[in-house]
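Novice: One predicted model, sequence on top.
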Amino acid sequence: MIYQWNKPLWHKLLGQAGRLPHALLLCGPAGGGKMDFARALAARLLCETASGEAEACGNCPSCKWFAAGNHPDFRLIEPGGDETGPEGEGGEVEPASQKKKSEQIRIDQVRALDDFLSIGTHRQGARVIIVHPAEAMNRATANALLKMLEEPSASTLFILITNNRRKLLPTILSRCQTLNFPKSPPEQALVWLRESSVPHAEELLSHAGGMPLMAVDEAAGWAHLEGFYRDLAQIEQAGPIVIAGRWEAQLKESRDGAASVDKAAFVLWMQKWVFDLISVKLCGAVVFHAHKLKEVRAAAARASISALFDYYSDLLRIKAVAQHPLNPRLFLEDMLSRYARAASSGR
Ligand SMILES: [Zn+2]
C-alpha cells in the first residue's frame, strides 16, 4: 500500500523504471509507511502485468503468490528469522537469549541468500529482497550482505529499510541509492487516520510526533496512555511505589491478553512527557502533547529545568535496559521514584 504522503516518491522512483538501482535504502522516521512502500514496490516489480507507474495488479499468478507470502523470487530478511524457539513459560523474566535472537538479523539468514541468488528466477522476472530493519545487522552480517551488493545479480533489487541511517556501515550506504521518506503533512495524516476509523486521532497523532502509522500502533494502548497521565498527576499523593504497582499489573494483563503495553512503552511515554516538560520550560512549545498543554505546563512549573535534564539522561540509561530481563517491579519503581524527585524539584 502506498500512502498518500508517499505517492510523490513512488512516481519519482517508478518514473525511472528500467533504470532502477540494484539496491535501495528507504530512510526516514518510524511510522511513515516505509515497509508498506517496500512491499508495494516488491509486488510491483514481481507483478506480471503492471507497467509504468501503476501498482501491482493484484490478480496475476505472481501477485497471488506474493499476497500469500510464498513468492519464490522474494525474500524478507527480518530479525527473529525462522528459528524462533518455543515460548518460555510465562515467568517474571524473559529468557535473555530469546530476546537477543529476536532483535538481530542473523548472519546465516543473509548467507542463505547465496543459494537464492545463484539460480535463475522462478517466474523469469525480477527478484526482490527486503532487509528490515537494516540496522539490525551487526558488522559481520552487514559485511556478508555487502559482498552481495558488490556483485549484483541481474534483475535483482535489494530494498534496505532503516529508521536510523547513521547506524549503517558507510560501505553499505555507498552501495545503495537512498530514498528519503518525508514526514507526512499533518492534515493528510489526520484525514487518513479518520478515514481508517482510528479513535482519538488528533491526540494519538500528536503523541506519535506526527507519524501516522505509529499513531495507529498506539491506538490499542489508548486506555493505558490515559492512565499513564492520570498516574503521573497523582504521583505526589499516591507515591511512586503505588504507581509502580499499578503499572506492573498492566504489564501482567498485557502479557496474558492482547499486548498493548510493555516496559519499553512506559519508558517511551515517559521520555516524550519529560521531553515536553523541558521543551515548554525552554521555549513554551510542546512536540508530543499539543492535546495536554495545560497539564504539561502545570507539571513543568513544579520542576526545575536542571532536574528534568538529569532525569532525561537517566531515562536514556533506563531505556537501554528496558528489554533486559529485570524484575519489572523494581524497574518501574526506580523510574518512577526518580521522576517523582525531578517533578517536585522546583519548589
Ligand atoms: Zn500482478
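Specialist: Structure received.
Novice: Mind listing what's buried along stretch 120-130?
Specialist: Buried residues in stretch 120-130, counted by 16 or more other CB atoms under 10 Å: Thr121, Arg123, Ala126, Arg127, Val128, Ile129, Ile130. For glycine as for every other residue, the C-beta is placed from the backbone atoms N, C-alpha and C.
Novice: Show me which residues of stretch 326-339 are buried.
Specialist: Neighbour-count burial for stretch 326-339, counted by 16+ other CB under 10 Å, picks out Leu326, Pro328, Phe331, Leu332, Glu333, Asp334, Met335, Leu336, Ser337, Arg338, Tyr339.
Novice: Closest one of the buried residues of stretch 120-130 to the ion?
Specialist: Among the buried residues of stretch 120-130, Arg123 lies closest to the ion (CB to the ion), at 10.6 Å.
Novice: show me the contacts for the closest one.
Specialist: Arg123 makes contact with Leu46, Glu48, Pro61, Ser62, His71, Pro72, Asp73 under the criterion CB atoms under 8 Å, 6 or more residues apart in numbering.
Novice: helix, strand or coil for it?
Specialist: Classification of Arg123 using DSSP: H, G, I helix; E, B strand; the rest coil returns coil.
Novice: per-residue confidence for it?
Specialist: In this model, Arg123 is scored at 73, pLDDT.
Novice: The one 4 residues further on now?
Specialist: pLDDT recorded at Arg127 is 94.
Novice: For Tyr3, which non-adjacent residue is closest in space?
Specialist: Excluding its sequence neighbours, the residue lying closest to Tyr3 (CB to CB, 6 or more residues apart in numbering) is Gly33, at 4.5 Å.
Novice: Going by neighbour count, list what's buried in stretch 137-145.
Specialist: Met137, Thr141, Ala142, Ala144, Leu145.
Novice: The fourth one sits in which helix or strand?
Specialist: Following DSSP states H and E, one finds Ala144 within helix 139-150.
Novice: Show me the contact partners of that helix.
Specialist: Contacts for helix 139-150 (CB under 8 Å, 6+ apart): 22-23, 104-107, 109-111, 113-114, 117, 131, 134, 137, 158, 168-169, 171-172, 175-176.
Novice: just checking, which of the residues you listed belong to strands?
Specialist: Using DSSP state E, the members of the contacts of helix 139-150 that fall within strands are Ala23, Val131, Phe158.
Novice: For the first one, grab the count of nearby residues.
Specialist: Read that as Ala23. Residues lying near Ala23 (other CB atoms under 10 Å) number 21.
Novice: now Ala238
Specialist: Residues near Ala238, counting by other CB under 10 Å, number 14.
Novice: Excluding covalently adjacent residues, which one is nearest to it?
Specialist: Closest to Ala238 by CB to CB, 6+ apart is Asp231, at 7.5 Å.
Novice: picking up where we left off before, check the gap between the residue nearest to Tyr3 and Val198 for me.
Specialist: Gly33 sits 14 Å away from Val198, going by CB to CB, to the nearest Å.
Novice: ok, those two, which is more surrounded?
Specialist: Set Gly33 next to Val198 and count neighbours by other CB under 10 Å: Gly33 wins out with 23 against 18.
Novice: pretty sure the more buried one is touching Met211, no?
Specialist: No. Gly33 lies out of contact with Met211 (CB atoms under 8 Å); the separation is 9.1 Å.
Novice: for stretch 13-31, what is the average pLDDT?
Specialist: 88.
Novice: Send me it as PDB with only the CA atoms.
Specialist: Taking Å, rounded to 0.1, in the frame of the first residue of the first chain, the C-alpha atoms of stretch 13-31 are listed here in PDB:
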ATOM      1  CA  LEU A  13      11.000   6.100  -8.500                       C
ATOM      2  CA  LEU A  14       8.800   4.300 -11.000                       C
ATOM      3  CA  GLY A  15       9.300   7.100 -13.400                       C
ATOM      4  CA  GLN A  16      12.900   5.800 -13.800                       C
ATOM      5  CA  ALA A  17      11.700   2.300 -14.400                       C
ATOM      6  CA  GLY A  18      14.200   0.200 -16.300                       C
ATOM      7  CA  ARG A  19      16.900   2.200 -14.600                       C
ATOM      8  CA  LEU A  20      16.300   1.100 -11.100                       C
ATOM      9  CA  PRO A  21      19.400   0.600  -9.000                       C
ATOM     10  CA  HIS A  22      20.400  -2.800  -7.600                       C
ATOM     11  CA  ALA A  23      20.000  -1.600  -4.000                       C
ATOM     12  CA  LEU A  24      17.600   1.000  -2.500                       C
ATOM     13  CA  LEU A  25      17.800   2.300   1.000                       C
ATOM     14  CA  LEU A  26      14.500   3.600   2.400                       C
ATOM     15  CA  CYS A  27      15.200   6.100   5.200                       C
ATOM     16  CA  GLY A  28      13.000   8.100   7.500                       C
ATOM     17  CA  PRO A  29      11.500   8.200  10.900                       C
ATOM     18  CA  ALA A  30       9.400   5.200  12.000                       C
ATOM     19  CA  GLY A  31       5.700   5.200  11.400                       C
END
